[in-house]
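[1] what shape does this take:
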Amino acid sequence: MDTLQTYRIFRKSQSNLLNRPYRLPRDWDNYLENKMPVKHREMLELITGFFNTEWINIDPEKYFDCGFELFQKKFSYNKFFDSRILKLYIEKDKIIKREWEIASEDINKSIDFIKRFMGKTPHRNDLSLIKQYCILGDGYRYPIKHFIENKISKYILVWLIMKRYLQLTEEELGLIPIIKENFRLYHTKLYGRPEIIRLLSETFEEKE
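    Next comes the predicted model:
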């Protein structure tokens, strides 16, 4: 990771706070050496070094997001190493890890449920189990019915939609407003966990 990458991530977090786009210098080296204030350059170089060494496991974007959450528009280079940022980052990281521990348990339970359910449900041998699960239904198609009944995880449903095993009608979307309203959020969270995506693909991927 170099200073330009760190700068880009910092400006992206700032842009999200201000809700306006940002631009990068055309000639980064010239800007860094001749136009950026010396103190700013020193802090940028210092924190870039930390992200490459002591803080190698820290996500720079999430770190800067914490800085802007704490200091809002006043967050800048001179506050990069404020101890409150790292404290907030660690607290949030613990919460996220705990949330995914629970979510992973729910996903595994959902996988087991689907396998058991389809094992007892008459289905064709020429189609994959998961494709048939998304086609069949009782009043409503099974994934929707089972999500409403709290038998499968929201992340299973999001994965089915993203893989296009499940293509929802407007009527079906109306039955699951929490998915409709938070789909992008759930999608971003799910695809930030490659081990979960791998598990779902290995378990349910179609065998042609």
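[2] mind giving me the packing neighbours of the longest helix anywhere in the chain?
    Of all the elements of type helix in the chain, the one with the most residues (DSSP state H) is helix 83-119. Other helices and strands packing on helix 83-119, by 3 or more Cβ pairs under 8 Å, 6 or more residues apart in numbering; DSSP states H and E, are helix 60-71, helix 129-135, helix 142-148, helix 154-162, helix 194-204. Using the backbone N, CA and C atoms, a C-beta is placed for each residue, glycine as well.
[3] in JSON lines, list the ones you listed along with mean neighbour count.
    Written out in JSON lines, the entries for the helices and strands packed on helix 83-119 read as follows (neighbours: other Cβ atoms under 10 Å):
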{"stretch": "helix 60-71", "mean neighbour count": "19"}
{"stretch": "helix 129-135", "mean neighbour count": "19"}
{"stretch": "helix 142-148", "mean neighbour count": "20"}
{"stretch": "helix 154-162", "mean neighbour count": "21"}
{"stretch": "helix 194-204", "mean neighbour count": "14"}
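[4] do you know which of those lies nearest K92?
    Between K92 and the helices and strands packed on helix 83-119, the shortest separation by Cβ to Cβ is 6.8 Å, and it involves helix 60-71.
[5] can you pull the pLDDT of the nearest residue to L127 once chain neighbours are set aside?
    Ranked by Cβ to Cβ, 6 or more residues apart in numbering and with sequence neighbours excluded, the top spatial neighbour of L127 is I135, at 7.8 Å. In this prediction, I135 carries a pLDDT score of 91.
[6] numbering from 40 from now on, please.
    Noted, 40 is the first residue going forward, which turns the last one into I174.
[7] which residues are in contact with the residue nearest to L127 when sequence neighbours are not counted?
    By the measure of Cβ to Cβ, 6+ apart, the closest residue to L127 outside its immediate chain neighbours is C105, 4.5 Å from it. For C105, the residues meeting the contact criterion (Cβ atoms under 8 Å, 6 or more residues apart in numbering) are 124, 127-128, 131.
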